[in-house]
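Enquirer: model this:
(one chain, ligands or ions: 1)
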Amino acid sequence: MTYQVRLLGPEDQQLAWNLGSLAFGYHERPMPEGWASDSPGRRTVGVFDPAERLVAKAVDREQGQWFGGRVVPVSGVAGVATAAELRGRGLGRLVLTRLLHDARERGAVISTLFDTTPGPYRALGWEEVGALVYWTAPTRVLAEIRPDTTTTLRPATEADIPAVDEIYREVARTGTAMMERSGPAFGATPAQLLADYHGFTVAVDDTGTIVGYASWNRGPGYDASGTLTVHDLIGLTPEATRTLLAMLGGWASVAPTVLIRLGAADPAWSLLARGDAKPETTQPWMLRVVDASGAVAARGWPRHLTGEVDLELIDDVCPWNQGRHRLVLSGGNARLEPGGAGTVRLTPRGLAAWYAGAATPQQLRRSGFLTGGDADTDELLRTATAGPVPTLHDYF
Ligand SMILES: CC(C)(COP(=O)(O)OP(=O)(O)OC[C@H]1O[C@@H](n2cnc3c(N)ncnc32)[C@H](O)[C@@H]1OP(=O)(O)O)[C@@H](O)C(=O)NCCC(=O)NCCS
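Expert: Numbers count the residues shown, from 1 in each chain. This next block holds a predicted model:
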């Protein structure tokens, strides 16, 4: 069978809805008026059979994620589906290989995605590097936290949203892989953002500066099922974090459970007993390096690290990455120069996990993703991407 791989046009949107809604289980709903898989910053790649039937698709989202203090251009992959009867015959590989090619052409240097299963993506060089976890905790354990007396809380207004965005960005900038919440994927106005939540609370210090916020939804009922879901809770100061958590505790009598999205190293953990919290949902996410030279140039690196390592990248899905490169690190920047002795060999999954700082060279060697090198190259590579645990708070 000869398949055609191309970007979807306006006339293909119903086909995209049909394939996606069946794969992800909302096919009972008719396609909403004006719905489109494609919008600014979103392109859908489709595979068509000779009868012009859409048999596989994948969406490339333009987004930025923070690595080493810089925003790296990313292809966020979503809505990947193959027609039920044709799964396991290479159409997923076909559509994703094309997506990677096109994403590189438009300037994306890495790709991330939330996987329902890692298998198809591992086969193409993505690796799981993190997970978005919602934790449940009994609200009464938060009721034990005392608010800070110099910090006040109030509902956010539209005028507060730029300050709120900056608070998020300050945390994202110093994290690994956190989303830059601007650009086409984040077009909501302040009014729309506030309307998305039952509560949007800001914490204000005694100088009148907003130093933290929480966005939350209050679920139905006031019996044992009552749940407060907290999407973001960010305090720039210990007082803000404490006071926002204490506010959640105030719901103990009517919402006995708090469901809260927290990264592994969130300062909120300094006020919670880990034994009180249980993971409720865990959504793993994966990373792939799309353009190795571009990805190395785009992220920030440790300013105090200088050195060189000769790499050999193995990559038959993105063949432009394939071959020998010298990694040169200096003064917070790095580049990949063609050539070198190919001392350390990395598979695409190894390169992905190393880039994210999700695994050390020694762990990669034990996984079979890195070969060659010695204690010195291991140390340089480990230090180069060591940093906060890769964290994403935005599902897509
Ligand atoms: C996931 C999905 C898109 C894969 O598409 P596909 O056309 O079946 O994939 P392919 O046949 O091209 O397989 C690509 C590779 O992934 C591997 N693979 C496919 N499905 C797999 C699975 N469930 N587990 C492990 N590996 C799998 C294949 O072995 C193949 O590797 P290879 O080329 O090295 O042999 C398809 O199964 C699907 O539509 N599933 C339902 C919707 C879904 O889960 N979407 C993913 C959302 S993140």
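Enquirer: buried residues in the helix or strand where Glu170 lies?
Expert: Glu170 belongs to helix 161-173 when assigned by DSSP states H and E. In terms of neighbour count (16 or more other CB atoms under 10 Å), helix 161-173 has its buried residues at Ile161, Val164, Asp165, Ile167, Tyr168, Arg169, Val171, Ala172, Arg173. No exception for glycine: its C-beta is placed from N, CA and C like everyone else's.
Enquirer: Let me know the secondary structure of the residue lying farthest from the centre of the chain.
Expert: If you look at how far each residue of the chain sits from its centre, by CA atoms, centre = their mean, the farthest one is Ala51, at 36.6 Å. Classification of Ala51 by DSSP: H, G, I helix; E, B strand; the rest coil places it in coil.
Enquirer: After the helix or strand in which Ser21 is found, which helix or strand is next?
Expert: Per DSSP H and E: Ser21 is located in helix 13-24. Later in the chain than helix 13-24, the nearest helix or strand by DSSP H and E is strand 42-48.
Enquirer: Show me which residues of the chain are close to the ligand?
Expert: Contacts of the chain with the ligand, taken as CB under 6 Å from any ligand atom, map to 23, 56, 80-82, 87-93, 115-117, 119-120, 123.
Enquirer: The same query, at a cut-off of 8 Å, please.
Expert: Residues of the chain lying close to the ligand by CB under 8 Å from any ligand atom are 23-24, 56, 58, 77-84, 86-96, 113-124.
Enquirer: and the closest residue to the ligand within the stretch 251-396 of the chain, how many neighbours?
Expert: Of all residues in the stretch 251-396 of the chain, Met286 sits closest to the ligand, at 9.1 Å by CB to the nearest ligand atom. The number of residues packed around Met286, counting by other CB atoms under 10 Å, is 24.
Enquirer: What is the neighbour count of the closest residue to it other than its chain neighbours?
Expert: With sequence-adjacent residues excluded and distances taken as CB to CB, 6 or more residues apart in numbering, Met286 is closest to Trp126, at 4.0 Å. By the measure other CB under 10 Å, the count of residues near Trp126 is 27.
Enquirer: quick one: Trp126 from Ala358, how far?
Expert: As judged by CB to CB, to the nearest Å, Trp126 and Ala358 stand 12 Å apart.
Enquirer: Which residues are in contact with each of those two?
Expert: Both Trp126 and Ala358 are contacted by Leu287, under the criterion CB atoms under 8 Å, 6 or more residues apart in numbering.
Enquirer: Let's see the pLDDT reported for Asp206.
Expert: pLDDT for Asp206: 97.
Enquirer: can I assume it is in contact with Thr150?
Expert: Yes - applying CB atoms under 8 Å, one finds Asp206 in contact with Thr150, separated by 4.4 Å.
Enquirer: Would you mind giving the domain segments of this structure?
Expert: Here the domain parsing of the chain from automatic domain parsing is 4-125, 133-282, 291-385.
Enquirer: so which residue of this structure comes closest to the ligand?
Expert: The nearest approach of the chain to the ligand comes at Gly119, 2.0 Å away (CB to the nearest ligand atom).
Enquirer: What residues of the longest helix along the chain count as buried?
Expert: Longest helix of the chain, by residue count under DSSP state H: helix 91-105. Buried residues in helix 91-105, counted by 16+ other CB under 10 Å: 91-92, 94-104.
Enquirer: same for it, what does it pack against?
Expert: Secondary structure elements in contact with helix 91-105, counted by 3 or more CB pairs under 8 Å, 6 or more residues apart in numbering; DSSP states H and E, are strand 4-7, strand 42-48, strand 54-67, strand 70-82, helix 119-122.
Enquirer: Let's have those in JSON lines, adding mean neighbour count.
Expert: Putting these into JSON lines (neighbours: other CB atoms under 10 Å) gives the following:
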{"stretch": "strand 4-7", "mean neighbour count": "13"}
{"stretch": "strand 42-48", "mean neighbour count": "22"}
{"stretch": "strand 54-67", "mean neighbour count": "24"}
{"stretch": "strand 70-82", "mean neighbour count": "22"}
{"stretch": "helix 119-122", "mean neighbour count": "16"}
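Enquirer: In TSV: these, plus distance to Thr343.
Expert: TSV is the format used below for the helices and strands packed on helix 91-105 (distance: least, CB to CB, whole Å):
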stretch	distance to Thr343
strand 4-7	37
strand 42-48	36
strand 54-67	24
strand 70-82	26
helix 119-122	25
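Enquirer: possible to save the ones you listed as CSV with distance to His393 and mean pLDDT?
Expert: CSV is the format used below for the helices and strands packed on helix 91-105 (distance: least, CB to CB, whole Å; pLDDT from 0 to 100):
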stretch, distance to His393, mean pLDDT
strand 4-7, 30, 98
strand 42-48, 20, 98
strand 54-67, 11, 98
strand 70-82, 14, 98
helix 119-122, 21, 98
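Enquirer: all helices for this structure, in order.
Expert: Here the chain has its helices, by DSSP H, at 13-24, 91-105, 119-122, 139-143, 161-173, 190-195, 238-249, 292-298, 348-356, 361-367, 375-385.
Enquirer: With distance to Val230 as new columns, can the ones you listed be given to me in CSV?
Expert: Listed next are these as CSV, based on distance: least, CB to CB, whole Å:
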stretch, distance to Val230
helix 13-24, 26
helix 91-105, 33
helix 119-122, 30
helix 139-143, 10
helix 161-173, 14
helix 190-195, 15
helix 238-249, 7
helix 292-298, 32
helix 348-356, 26
helix 361-367, 32
helix 375-385, 30
